[in-house]
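Visitor: fold the following, please.
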Amino acid sequence: MRFKIELELKNEHLPLDYRPAVISLFKHSLTLYEDGKYFSNYYELGKVKPFTFAVVIPNSTFTKEFILVPRKKIYISFSTNDMGTGIVFFNALMMQKNKSYPLAYGNVMIVKNILIEKEYIITTNTIEVIFRSPLCVREHNKEMNRDIYYSHEKEGFNEVLNKILEVQIASSNTLPTFILEGFSMIPVDCKKTVVKHHSQFIEVTIGAFKLTGNIALLNYLYSNGIGSRKSSGFGMFEVMRKENL
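Guide: Residues are numbered from 1 along each chain as shown. Take a look at the predicted model:
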C-alpha cells in the first residue's frame, strides 16, 4: 500500500534535520488514533517497522542552516507491504487533517490531503530503480560503540548491505532466507551525499541502481524499502519504467 500525504507549511523555513519531525508526527497520530492501541506495534523498543517513507520538497534551496521552501508545500510518500499497517497509518494521519504540527523556526506543518498511490507490480528479475529517499547503509561497531555509514563508493558497502538484507528478510516472517541468492545491486547513476539526521551528518547514496534478484524479493523491497533506517525516511525507491529510461 502506498499513499501520499500533502502538507502545507506556515512559513518558508524547513529544518535540515526534518525527518525526526515526520517521525514525531507519525507517533503523535498513532497516539491519538483509537486511544493509541496501535502505537506499541510500531514504536515499542525492538519492534520491526514494516514501512518506509520519503519526503519530497519541491523547488527548494538548501542552506547551511535550513531548507528554503518558497511554495510552502512538502509531500510524504508512505509505503508498506502490510495492508493492516497501511490502513492504520492512513486513518491515523487522516485524523490530523487541517491540524498544525510544530516545526523549528516557528514553523508548522499541516496535513491537507492524503491520496492513495498506484503501486507498480514487478514482473521481471532485473529492474532499474531511482531512490526517492537516500539509501542508508549502517554498520554498528561494538568495539568502538559507534555507527559507520557506507555510501556505494566506500569499501565494504555490498557486504554490509547484504548483512542488513539478511536481517530484514529474516524479520519479515514471510520470505525464506534463500530468496537472497543471486541478488545484486549495481550502481547506474548515483552519488555519495551527506544528510543531517538526529543532529548528526551521515553518509548516504542517492540516484539510480540496477537490482537483480527473485521477483518476490524485489516486490518486497519495493514496498518496504531497502537498507538501514527505512522507517526513518531512507531507502524508498521507484521503479524506472522502460518508457522513462
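Visitor: domains of the protein?
Guide: 2-117, 126-244 (automatic domain parsing).
Visitor: what's the spacing between the first one and its chain's center?
Guide: On the basis of Cα atoms, centre = their mean, to the nearest Å, domain 2-117 is displaced by 11 Å from the centre of the chain it belongs to.
Visitor: any idea how far apart the tips of it sit?
Guide: Start-to-end span of domain 2-117 (Cα to Cα, to the nearest Å) is 5 Å.
Visitor: thinking again about what came up before, now the domains of the chain as a markdown table including mean pLDDT and mean neighbour count?
Guide: In short, each C-beta sits where N, CA and C put it, glycine included. Putting these into a markdown table (pLDDT from 0 to 100; neighbours: other Cβ atoms under 10 Å) gives the following:
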| stretch | mean pLDDT | mean neighbour count |
| --- | --- | --- |
| domain 2-117 | 96 | 16 |
| domain 126-244 | 94 | 17 |
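Visitor: tell me where the longest helix sits in the chain.
Guide: Using DSSP state H to assign secondary structure, the helix with the most residues in the chain is helix 157-172.
Visitor: quick check: next helix or strand after that helix?
Guide: Using DSSP states H and E, the next helix or strand after helix 157-172 towards the C-terminus is strand 184-197.
Visitor: give the pairing partners of that next one; include direction for each.
Guide: strand 200-212 (antiparallel) (DSSP bridges).
Visitor: measure how the partner strand sits relative to helix 157-172, angle-wise.
Guide: 80 degrees (axes from the mean of the first three to the mean of the last three Cα atoms, to 10 degrees).
Visitor: hmm, who's touching strand 200-212?
Guide: 125-131, 134-138, 147, 149-152, 154, 182-196, 218, 221, 234, 237, 240 (Cβ atoms under 8 Å, 6 or more residues apart in numbering).
Visitor: how distant is that strand from the center of its chain?
Guide: Distance, stretch centre to chain centre, for strand 200-212: 12 Å (Cα atoms, centre = their mean).
Visitor: pretty sure G233 contacts V56?
Guide: No: checked against Cβ atoms under 8 Å, the pair G233 and V56 is beyond contact range at 11.0 Å.
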